[in-house]
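In: below is the sequence, then the predicted model.
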Amino acid sequence: MRAKTKMIHGGITGDETTGAVSVPIYQVSTYKQDGVGKHSGYEYSRTGNPTRNALETVIANLENGTAGFAFGSGMAAISSVMMLFNSGDHVVMTDDVYGGSYRVMTKVFNRFNLDHTFTDTSSLEAVEASLNENTKAIFVETPTNPLLKITDLEKIAAIAKKNDLLLIVDNTFATPYLQQPLDFGADIVLHSATKYIGGHSDVVAGLVAVKTEELAEQLHFIQNSVGAVLGPQDSWLLMRGIKTLALRMEAIEQNTKKIVAFLQNHKKVSTIYYPGIESHPGHAIAAKQATGFGGMVSFDVGSEEKAEKVLENVKYFTLAESLGAVESLISIPAKMTHASIPADRRRELGITDGLIRISVGIEDADDLIEDLEKALD
């Protein structure tokens with residue numbers, strides 16, 4: 001089954017009882033049992049819900065995994081995955097990771113003695129130098145948020161396997177339409193499904209797919225125990241979003257190519273971060289492991305004042321956190337999505353106060369370019 005067909009026909013696609021072509025919303029908390037411990041597969045909706053199960057089956061199918069899991073947010077998904085580890089364990093993480101991921105590791109899981117090292121995972125040497133005796137996993141974003149750095153999944157998976165580590169990949173920016181990390185050796189792939197998978201700025205959710213039955217059992221135990229599950233209404237919204245994911249990603253990437261070409265020729269833009277540019281350090285790797293370069297672009301205009309002027313003067317780009325929607329969004333990572341990262345650490349990473357991040361939508365590309373041109377001028 002090819003990718004576009006998977007979006008429509010992957011997993012559980014309808015209701016056998018009624019013939020409905022869309023999975024119903026099972027707005028239910030508990031289920032009648034025929035006897036003590038005798039049920040039809042569902043007993044309590046924290047443990048399992050038919051609508052959520054359909055979504056979890058679809059994401060496992062799209063990521064070529066053994067099982068899928070749906071959580072109440074992307075951070076709930078990341079936090080649940082981190083609960084696979086024990087006090088005293090160590091995780092190597094991408095350095096310019098999403099601000100929420102940075103915050104949960106440095107302000108929450110550190111309280112439970114889960115150690116971490118932030119490193120440039122696009123450098124294999126840096127990753128190997130960060131490994132300790134108690135390292136249990138490598139956590140990678142590729143492309144990264146917001147600098148769009150690329151990690152070679154196949155090579156990082158080889159390092160993980162050699163050292164008996166789990167490889168966890170945040171695939172939010174690429175989506176399962178453009179990239180399937182499990183195929184390159186990852187053990188766990190996760191998404192903030194709030195973004196491209198939902199696609200319409202109307203749901204907050206997280207998704208995880210795992211490679212093995214063992215990981216599936218472990219993560220289901222955590223999901224059921226902790227209870228950060230996605231509700232049936234939001235599960236249904238995500239399944240609806242998945243049906244148009246392929247078409248949206250293709251339209252978004254076409255728009256993005258035109259916008260990047262415009263930005264490359266604008267005198268007020270000093271640096272552009274987009275893996276689709278041939279001069280990008282990770283361009284060849286991204287082309288090898290993904291079928292597209294996505295719709296996220298960051299560019300530097302030189303100062304916080306200039307960046308804020310741009311944001312004040314755009315019309316079609318909505319000033320908002322989040323990304324991956326049908327409408328184009330714009331933000332200043334240093335002041336918004338990555339504000340939880342200390343200023344000196346942001347400067348070290350290159351997340352400057354003049355860095356603007358855009359999430360390209362499906363509007364007319366010419367309107368978006370004219371909008372940016374007026375704002376920049």
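Out: That came through, no problem.
In: would it be right to say that S80 lies in a helix?
Out: Yes - residue state for S80 (DSSP: H, G, I helix; E, B strand; the rest coil) corresponds to a helix.
In: quick check: pLDDT value at it.
Out: Confidence at S80, expressed as pLDDT, is 98.
In: what does G14 give?
Out: If you check G14, the pLDDT there is 88.
In: ok, so what distance separates it from A20?
Out: Distance from G14 to A20, counting by CB to CB, to the nearest Å: 6 Å. To be clear about C-beta, it is placed using only N, CA and C from the backbone, and glycine gets the same treatment.
In: looking at those two, which is more packed in?
Out: Ranked by neighbour count (other CB atoms under 10 Å), G14 and A20 place G14 first, with 14 against 11.
In: which residues sit in contact with the more buried one?
Out: Taking CB atoms under 8 Å, 6 or more residues apart in numbering as the criterion, G14 is in contact with A20, V21, S22, V23.
In: L376 too?
Out: Here L376 is in contact with H266, K268, V269, V301, V310 (criterion: CB under 8 Å, 6+ apart).
In: at 7 Å instead, please
Out: Contacts for L376 (CB atoms under 7 Å, 6 or more residues apart in numbering) come out as H266, K268, V310.
In: swap in M7?
Out: With CB under 7 Å, 6+ apart, M7 has these contacts: I242, K243, L245, A246.
In: counting neighbours, which of the contacts of L376 comes out on top?
Out: V310 (24 neighbours).
In: quick check: closest non-adjacent residue to it.
Out: Distances taken as CB to CB, 6 or more residues apart in numbering put A375 closest to V310, at 4.6 Å, once the chain neighbours are dropped.
In: hmm, back to that, in PyMOL, how would I select just the buried ones from the contacts of M7?
Out: Command for PyMOL that selects the buried part of these, burial taken from 16 or more other CB atoms under 10 Å:
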select buried, resi 242+245+246
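In: turn the contacts of M7 into JSON lines, including secondary structure and pLDDT.
Out: What follows is the contacts of M7, written out as JSON lines (DSSP: H, G, I helix; E, B strand; the rest coil; pLDDT from 0 to 100):
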{"residue": "I242", "secondary structure": "helix", "pLDDT": "97"}
{"residue": "K243", "secondary structure": "helix", "pLDDT": "97"}
{"residue": "L245", "secondary structure": "helix", "pLDDT": "98"}
{"residue": "A246", "secondary structure": "helix", "pLDDT": "98"}
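In: just the contacts of M7 now: which is nearest T318?
Out: The closest of the contacts of M7 to T318 turns out to be L245 (CB to CB; 20.6 Å).
In: circling back to that earlier point, of the contacts of L376, closest to Y42?
Out: Nearest member of the contacts of L376 to Y42, counting by CB to CB, is V310, at 50.5 Å.
In: show the buried residues in the contacts of G14.
Out: V23.
In: still on that earlier bit, surely the residue nearest to V310 touches N313?
Out: Yes - using CB atoms under 7 Å as the test, A375 is close enough to N313 to be in contact (4.0 Å).
In: please say which of those two ends up with more neighbours.
Out: A375 (20 against 14).
In: can you name every helix or strand that the lengthiest strand in the chain contacts?
Out: In the chain, taking DSSP state E as the definition, the longest strand is strand 135-141. Judged by 3 or more CB pairs under 7 Å, 6 or more residues apart in numbering; DSSP states H and E, strand 135-141 is in contact with strand 90-94, helix 153-162, strand 166-170.
In: picking that back up, TSV for the contacts of M7, including distance to E43?
Out: Compiled in TSV, the contacts of M7 are given as follows (distance: CB to CB, whole Å):
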residue	distance to E43
I242	27
K243	30
L245	32
A246	36
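In: look up the closest residue to A320, ignoring the ones flanking it.
Out: Nearest to A320 is L329, by CB to CB, 6+ apart, at 5.1 Å.
In: the one you found pairs with what?
Out: When bridges are called by DSSP bridges, L329 pairs up with T318, S359.
In: for it, which residues are in contact?
Out: Residues in contact with L329 (CB under 7 Å, 6+ apart) are F317, T318, A320, S322, L323, S359.
In: does the fifth one sit in a helix, a strand or a coil?
Out: What it means is L323. Going by three-state DSSP: L323 is coil.
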